[in-house]
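Colleague: build me a model from this:
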Amino acid sequence: MVTLENGKKEKEVMNLETLTYKKCTNEKYDARDINQILSTKSPVCNAIKEIILEFGSYVTSLVPEITDNIYDIDKAMRLGYNFHYGPFELFQHIIKDGFTLIEKIENPQSIFISQKEYNNIKQELFSLNTTSLEQYTKQIIFQNKSCQLAMLSNNDLCFSISTKMNCLNHEIFYSLIEAISYAEKDNKQLYIYSDSNNF
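Modeller: Below is the predicted model of the structure:
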């Protein structure tokens, strides 16, 4: 944002080709989905492609250093960040030749990529969809007007928020403390979840 001589303010954006700033304009691109973005040759699409592939390179580097279970990573990302797809499901089933694209940019390559472990991914294990969490709920442990703590079918715990716009009130904070104590007592994983776009 810059201030002009007449006192008005004007938004500026970086030109990704020259790395200088210019007036912000509404530019339209033909890309309509992630695969079109990754295959379109433009500065904006190239920048998005670089971010997505660097993200993919990072998550594949977590295997097996952090965990050897990619489905746990996807589940944590979906529940923790309200992602529609976890990163491994995204690169395996949504992005065309996703792991091959990562393979081309990685140097050195992660174990997951170099040993082509992505060929062993099983789609049916990407089972938890955050848009239908209820079907995975085995037991409601406690519930109030603002939130609830539930045990999922895999015995993990899920603390879900149900206030309007996900506003955090005293009831949520007190309940979250109770949920954490419950998880620590029984040594269970605890996820915080909301199906709202504002999460």
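Colleague: what number of residues lie near Ile37?
Modeller: 19 (other CB atoms under 10 Å). C-beta here means a position set from N, CA and C on the backbone, and glycine is covered the same way.
Colleague: got the contact list for the residue nearest to Leu190 when sequence neighbours are not counted?
Modeller: Counting by CB to CB, 6 or more residues apart in numbering, Ala183 is the residue found nearest to Leu190 once chain neighbours are left out, at 4.0 Å. Counting by CB atoms under 8 Å, 6 or more residues apart in numbering, Ala183 touches 157, 189-190.
Colleague: which one of those residues has the most neighbours?
Modeller: Busiest of the contacts of Ala183 [other CB under 10 Å] is Leu157, holding 19 neighbours.
Colleague: ok now do that one, which residues does it touch?
Modeller: 141, 149-151, 179, 182-183, 188-191.
Colleague: list buried residues within the residues you listed.
Modeller: The neighbour count (16 or more other CB atoms under 10 Å) marks 149-151, 179, 182-183, 190-191 as buried among the contacts of Leu157.
Colleague: got a pLDDT number for the residue lying closest to Tyr118 once chain neighbours are set aside?
Modeller: Closest residue in space to Tyr118, ignoring its immediate chain neighbours: Phe99 at 4.2 Å, by CB to CB, 6+ apart. Per-residue pLDDT puts Phe99 at 94.
Colleague: noted, bye for now.
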